[in-house]
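Peer 1: Turn this into a model:
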Amino acid sequence: MSNLAHSPTNKSFRGALPLGEALVLYVDRVMLSNFRSYETLELDVGANSVVLTGANGAGKTNLLEALSFLSPGRGLRRTKLSEVNKIGSLNTWAVSGRLMTPSGLRQLGSGLVPRHELNTETSPDRRLCRVDGENLSSPAGFGEILQVAWLTPQMDRLFIDGLSGRRRFLDRLVAAYHPSHSREVNAYERVMRERARLLYEGNADPVWLTSLEGRMAEHGVAVAAARLDAIDKLTRAILESQSAFPSAVLSLGGELEEHLLNRPALEVESSFCERLHRARAYDAKFGRTSIGPHKTDLLVRHTAKDMPAELCSTGEQKALLIGITLASTRLNANQFGAPPLLLLDEIAAHLDEERRGSLFEELGDIGSQVWLTGTDKSLFDMMGKRARFFHFEDGIIQED
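Peer 2: Numbers count the residues shown, from 1 in each chain. Here you go, the predicted model:
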């Protein structure tokens with residue numbers, strides 16, 4: 001393990017000057033404390049993309065994960081909040097980012113709420129989120145200021161692993177165009193868990209169950225409608241884009257989404273509520289909710305080959321994923337008013353020189369601030385002065 005994991009040094013890089021074309025939204029400073037391998041870190045990068053190189057285990061992905069906590073959700077690794085804490089530290093982790101946005105300078109912060117500040121010892125981990133020093137009611141509020149997208153090596157199996165990963169990927173895409181989507185998903189899941197608990201315990205008040213099912217139907221239809229709208233927009237963006245990466249046809253495998261294509265939303269909501277009522281005995285017996293948008297799948301086909309993504313080669317699957325992400329980023333830039341922050345972990349490792357060049361060129365055209373990691377700096381030479389390069393070695397981060 002790199003000495004960085006034990007380094008107490010607060011390393012700071014200052015005096016960053018913009019390189020390449022001006023970005024309209026970027027993180028120009030990131031500060032960490034007690035986060036994974038970092039005791040403290042302060043990194044100033046200015047209006048540039050960033051390339052982080054070094055050996056495996058040096059802390060590159062940890063830095064990307066920290067940035068991902070400036071968005072809704074559980075970060076790019078989706079681990080328990082307490083597991084992000086630096087091992088052996090008595091203090092809780094925190095991440096802060098200073099952003100330049102089209103509306104001016106903003107300060108975003110996120111961190112683990114200490115256990116002693118929660119109501120009981122059995123309370124789940126919770127994170128505190130702040131914008132300009134003011135607490136947010138939920139992390140979903142970050143999405144109104146900064147959009148964040150990422151690709152990691154674990155996502156290379158997105159099309160062949162379980163549908164939960166594809167659904168999370170889908171919902172991150174949707175949230176880029178519908179800022180309230182994360183709140184609706186979270187609200188639906190909270191009510192679903194409450195209904196499941198009451199059914200499991202038995203003897204629940206039927207009136208209260210009916211109320212919960214009504215709320216599930218309301219949130220569930222909102223989730224499904226947002227997904228349909230986003231997929232429609234993204235499909236058109238893919239068709240219109242000029243990209244070196246393969247085009248994909250996207251669709252949704254979900255009952256609510258299918259019903260909304262042919263029926264009014266209020267009718268679908270009422271029908272869903274009735275079906276939940278009829279499914280109570282079944283759901284109580286098996287301990288899970290058998291119907292709803294939590295079972296929706298993202299279906300992807302390789303356009304040119306007319307083949308499901310899961311049947312394509314590993315390289316084709318990765319290229320499809322990159323193409324979808326690039327198209328979504330372009331669409332997001334048009335709708336949100338600024339392109340999202342992109343976190344690309346080991347993205348160049350398995351791309352040939354031509355594909356790498358195409359990727360870097362498209363990223364430059366989109367205008368996102370991109371944070372990339374890799375073990376070999378030469379893979380990023382084509383980025384030239386569009387990025388600042390930092391190298392991790394022996395617990396020290398130095399600018400190349």
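
Peer 1: Model confidence score at residue 339, please.
Peer 2: For residue 339, the pLDDT comes out at 91.

Peer 1: quick one: the strands in the stretch 51-200 of the chain?
Peer 2: With strands called from DSSP state E, counting those that start in this stretch, the stretch 51-200 of the chain shows them at 94-101, 104-112, 127-131, 134-135, 148-151.

Peer 1: Who are the packing partners of the second one?
Peer 2: Pointing back at strand 104-112 there. strand 94-101, strand 127-131 (3 or more C-beta pairs under 8 Å, 6 or more residues apart in numbering; DSSP states H and E). No exception for glycine: its C-beta is placed from N, CA and C like everyone else's.

Peer 1: Helices along the chain, start to end?
Peer 2: Using DSSP state H, the helices found in the chain span residues 60-68, 163-177, 181-201, 206-240, 255-260, 265-278, 280-286, 314-336, 353-366.

Peer 1: out of those helices, deepest packed?
Peer 2: helix 60-68 (a mean of 24; mean count of other C-beta atoms under 10 Å).

Peer 1: Now do that one: which elements does it pack against?
Peer 2: strand 26-35, strand 38-44, strand 49-54, strand 94-101, strand 148-151, strand 341-345, strand 370-374.

Peer 1: For those strands, give me JSON lines that also has distance to residue 216 and mean neighbour count.
Peer 2: Formatted as JSON lines, those follow (distance: least, C-beta to C-beta, whole Å; neighbours: other C-beta atoms under 10 Å):
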{"stretch": "strand 26-35", "distance to residue 216": "36", "mean neighbour count": "22"}
{"stretch": "strand 38-44", "distance to residue 216": "41", "mean neighbour count": "20"}
{"stretch": "strand 49-54", "distance to residue 216": "42", "mean neighbour count": "23"}
{"stretch": "strand 94-101", "distance to residue 216": "33", "mean neighbour count": "20"}
{"stretch": "strand 148-151", "distance to residue 216": "28", "mean neighbour count": "23"}
{"stretch": "strand 341-345", "distance to residue 216": "33", "mean neighbour count": "23"}
{"stretch": "strand 370-374", "distance to residue 216": "38", "mean neighbour count": "25"}
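
Peer 1: quick one on the thing from earlier: and residue 243, which of the strands of the stretch 51-200 of the chain is closest to it?
Peer 2: strand 148-151 (14.9 Å; C-beta to C-beta).

Peer 1: that older thread, switch the helices and strands packed on strand 104-112 over to JSON lines; also include distance to residue 45 and mean pLDDT.
Peer 2: Converted to JSON lines, these look like this (distance: least, C-beta to C-beta, whole Å; pLDDT from 0 to 100):
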{"stretch": "strand 94-101", "distance to residue 45": "10", "mean pLDDT": "96"}
{"stretch": "strand 127-131", "distance to residue 45": "21", "mean pLDDT": "95"}
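
Peer 1: Let's have these in TSV, adding distance to residue 56.
Peer 2: Below are the helices and strands packed on strand 104-112 laid out as TSV (distance: least, C-beta to C-beta, whole Å):
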stretch	distance to residue 56
strand 94-101	22
strand 127-131	27
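
Peer 1: Residue 379: which of these is closest?
Peer 2: strand 94-101 (26.1 Å).

Peer 1: can you list contacts of the closest one?
Peer 2: Identification of contacts with strand 94-101 by C-beta atoms under 8 Å, 6 or more residues apart in numbering yields 23-35, 47, 66-67, 69-70, 105-112, 145-146, 338.

Peer 1: and that strand, how far from the chain's centre?
Peer 2: 17 Å (C-alpha atoms, centre = their mean, to the nearest Å).

Peer 1: again, but for stretch 377-394
Peer 2: 24 Å.

Peer 1: for stretch 83-99, same thing?
Peer 2: That offset, for stretch 83-99, works out to 19 Å (C-alpha atoms, centre = their mean).

Peer 1: Endpoints of it, how far apart?
Peer 2: For stretch 83-99, the first-to-last residue distance is 26 Å (C-alpha to C-alpha, to the nearest Å).

Peer 1: low-confidence ranges in the chain?
Peer 2: For the chain, residues meeting the criterion pLDDT under 70 lie at 1-22, 115-123.

Peer 1: before we move on, back to that, now distance to residue 330 too, for the strands of the stretch 51-200 of the chain, in CSV please.
Peer 2: Below are the strands of the stretch 51-200 of the chain laid out as CSV (distance: least, C-beta to C-beta, whole Å):
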stretch, distance to residue 330
strand 94-101, 19
strand 104-112, 23
strand 127-131, 26
strand 134-135, 32
strand 148-151, 11
